[in-house]
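K.L.:
my questions are about this predicted structure, shown below with the sequence.
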Amino acid sequence: MEYDTNYHQVCSTRTVQSDKKGFFNEFYVDVKDACGDKWLQNYFGKLKSNAARILSIFSDREVCDPVLGVLEHVQPVYKQKDVLLSSQRRAQADKFYLMSCSSEIPDERKELLQQALGHANLAVMRAPGPQVDTAIDNGLSLAMAYRTRATILITMGEGEAALSDLKLATNFGLETKESVDYYCKMAKAYAVMGEKARAEISLKIAEKLAGADSALIAACRKEVAAAQHAKPERAQHKEAVVPALTHGENPALSGAANVVKLVDTKEKGRFVVANEGIKTGDVVLCENPVAACLLPSFFGTNCHHCFKRLRTPVACLHCSGIAFCSAQCMGEACESYHRFECQFMDLFIGSGMSILCFIALRVFTQASSLDDGLTTANLLFEHLCSHQDERQADDHLQRSLMAGFLMRVLQKAQYFGRRKTEGVNPTAVELQVATALLGLLQVLQYNAHEIYHTMVTDEHCFEGCRVIYLGAGLYGTGSYFNHECCPSVAGYYVGKKLVLAATKPHRPNETVAVNYGPIFTKMNLKERQRSLRGRYAFSCNCMTCQENWPLLQKIDKQVRFWCTSANCVNLLRFPKDLAKDVRCPRCRKNISLKESVVRLIKVEEQYREAAEAMQAQKTNEAIDLFKEAIDAFFQIAALPHKDTLIAQQSLLKCLADTGSTFKK
Ligand SMILES: [Zn+2]
Ligand SMILES: [Zn+2]
Ligand SMILES: [Zn+2]
Ligand SMILES: [Zn+2]
């Protein structure tokens, strides 16, 4: 089949730039115009290494003027704090909270509290750090915003979230040691959590502090007593489960189970196969990403650090553009990568750069040191496929400019320490970092995984559920799994952790395959091949492609059965007449497939039971039924088989339901 250069170019461009409108595209077009096609094709396009490409964009006179001219202007652009807005929002939150207290209608009350919470969240997000702006709230806007939100959360029955807000209010400067109000709030928060003993301790402290003002304590006591019976407004959402690797972790392959191993062949390179027999449902991988980033469109709804859906966001002390689910996530991010990224978040978004560029940058910003970042980046480039030699001159120019831009941001963020000049001209080590960034941009195109969580409805965890693409990550071991158009494992996520579980049994040494492109049930051979070549420069030669399996709706009911004679491995067509024996062309024995047909009927019956369990939202029961039935199917027959393919897809849905899910 012909190589579709144009299509490949479009696909490749999108991995650098997600948005045509971003200023990066303009920058690239300007530089391309300035250097001229002749230079681009005859000189730049013929450079042999990433180091040479990076050196060229910063020093060759055909390009360096427009490059330096634009990069010179890189400045912090981010969503800043706004103390006035914060205090206004807090006033709104207080107003809605008071209105809710005086409402007698439960639904109205709920709605008002919800509105109060929305305003309080904004007050938290926009408040500057303590003592930044002392003209308003005595520099305590942030602490006061957290305190206001705690009050609302207590009334909503969310004691734990309220306690953590009270703690934050103290951390950010609210005087609490002498505060009756503070201990009363603590008592109420514990009370709604059902922690009576702790509530009593807090009350005792409040009592001591209040001294003669016993009326206040009496009122609080009454509230605490009432609160104990309060049910949370919102049912606690179930926590995602990190599954155990089947037979433990393989010491030679981090994050992978002992049931798999890595092999290295001349023709197919490195990939993962079964080490021993694998059963359906076995967990073969559970791995943290080397680096992962959230898509900008989820900055307002999901934790920047762990990707969890936000309910009560915790803010970065310096910017308002991103949020965290907890003080812990905030601390971890702000001590690591976010201190370099914070002031440039809106610049990144405005550039229109793709999620893969965010990940490339993150490899450096999250590293414990510059050397550590370089080591990681260079190792990844060495081990993963980059297709460096097949890329077009334009592609190299575009990626080199992006690497230059990201390096420039690192300069401005003082990643390299305080620099001697404000100019762009990179030092030797800065050139090394830009070169490594370029390598990452190349390998990420072929090796990054999209990260999904499942959005469920209030009523049902499967009906109406949707898979939501939240971000992307690079997985060291995960990227060693080969692609097949009919995958043998299903992938889902627990936070940022990639989990792969078998959706069919594997014999020892059988390839354990993921699907990172189109799946055969939905796209025909020709389209699949085109898509895989365009996106991954890869020609698929999997069984599904070799045998050209039909789309799901066109699959014949008549499945192929395994020959039943001992030691014979051969697939036989569905018999025309079940009463008669069939002759196996391989072992030349006459065999009966009656028993196989009976077992197939039983398998299909079990698929139906599993589907009913899903309907009843009994996820674990459904998983067990699917596992057993799919294993039984593969003992007697082979794919393609419509019901089994549907069962495998359903099994994936069930497994994903044990991972990260959220309600809208
Ligand atoms: Zn988090
Ligand atoms: Zn920030
Ligand atoms: Zn294929
Ligand atoms: Zn046979």
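P.N.:
The structure has been received and is ready for your questions. The structure displayed is predicted, hence computed values, not measured ones. Ligands and ions are numbered 1, 2, ... in the order given.
K.L.:
can you give me the strands in the stretch 301-450 of the chain?
P.N.:
314-315, 323-324, 448-456 (DSSP state E, counting those that start in this stretch).
K.L.:
partners of the first one, with directions?
P.N.:
Listed by DSSP bridges, the sheet partners of strand 314-315 and their directions read strand 323-324 (antiparallel).
K.L.:
the partner strand and ligand 2, are they touching?
P.N.:
No. Contact of strand 323-324 with ligand 2 (CB under 5 Å from the ion) is absent, the minimum separation being 9.6 Å. Yep, even glycine has a C-beta here, placed from its N, CA and C like the rest.
K.L.:
show the pLDDT at the closest residue to ligand 3 within the stretch 351-500 of the chain.
P.N.:
Closest residue of the stretch 351-500 of the chain to ligand 3, CB to the ion: Cys485 (3.3 Å). Reported pLDDT at Cys485 in the predicted model: 96.
K.L.:
wait, it sits on Ser531?
P.N.:
No. Counting by CB atoms under 8 Å, Cys485 does not reach Ser531; the two are 10.4 Å apart.
K.L.:
mind listing what the residue of the stretch 351-500 of the chain closest to ligand 3 touches?
P.N.:
Cys485 makes contacts with 515, 517-520, 528, 540, 542, 544-545, 549, as judged by CB atoms under 8 Å, 6 or more residues apart in numbering.
K.L.:
same thing but 10 Å
P.N.:
By CB atoms under 10 Å, 6 or more residues apart in numbering, Cys485 lies in contact with 513, 515, 517-521, 523, 525, 528-529, 532, 540, 542-545, 549.
K.L.:
now Val433
P.N.:
Residues counted as contacts of Val433 (CB under 10 Å, 6+ apart) are 54, 364, 370, 373-374, 377, 403, 406-407, 410-411, 415-416, 426-427.
K.L.:
distance check, it against ligand 4.
P.N.:
61 Å (CB to the ion, to the nearest Å).
K.L.:
can you check Asn425 too?
P.N.:
73 Å.
K.L.:
for the spatially most central residue of the chain, which residues make a bridge with it?
P.N.:
Centroid-nearest residue in the chain: Ile451, 3.4 Å away (criterion: CA atoms, centre = their mean). Legend: beta-bridge partners of Ile451 under DSSP bridges are Gly471.
K.L.:
pretty sure it contacts Val499?
P.N.:
No. Using CB atoms under 10 Å, Ile451 makes no contact with Val499, being 11.5 Å away.
K.L.:
filter the contacts of Val433 down to just the ones in helices.
P.N.:
Using DSSP state H, the subset of the contacts of Val433 located in helices is 54, 364, 370, 373-374, 377, 403, 406-407, 410-411.
K.L.:
need those in a markdown table (columns: neighbour count, distance to ligand 1 and pLDDT).
P.N.:
What follows is those, written out as a markdown table (neighbours: other CB atoms under 10 Å; distance: CB to the ion, whole Å; pLDDT from 0 to 100):
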| residue | neighbour count | distance to ligand 1 | pLDDT |
| --- | --- | --- | --- |
| Ile54 | 26 | 35 | 98 |
| Phe364 | 24 | 22 | 98 |
| Leu370 | 17 | 27 | 97 |
| Gly373 | 21 | 23 | 97 |
| Leu374 | 18 | 28 | 98 |
| Ala377 | 25 | 25 | 97 |
| Ala403 | 28 | 29 | 98 |
| Leu406 | 26 | 25 | 98 |
| Met407 | 27 | 29 | 98 |
| Leu410 | 23 | 25 | 98 |
| Gln411 | 23 | 29 | 97 |
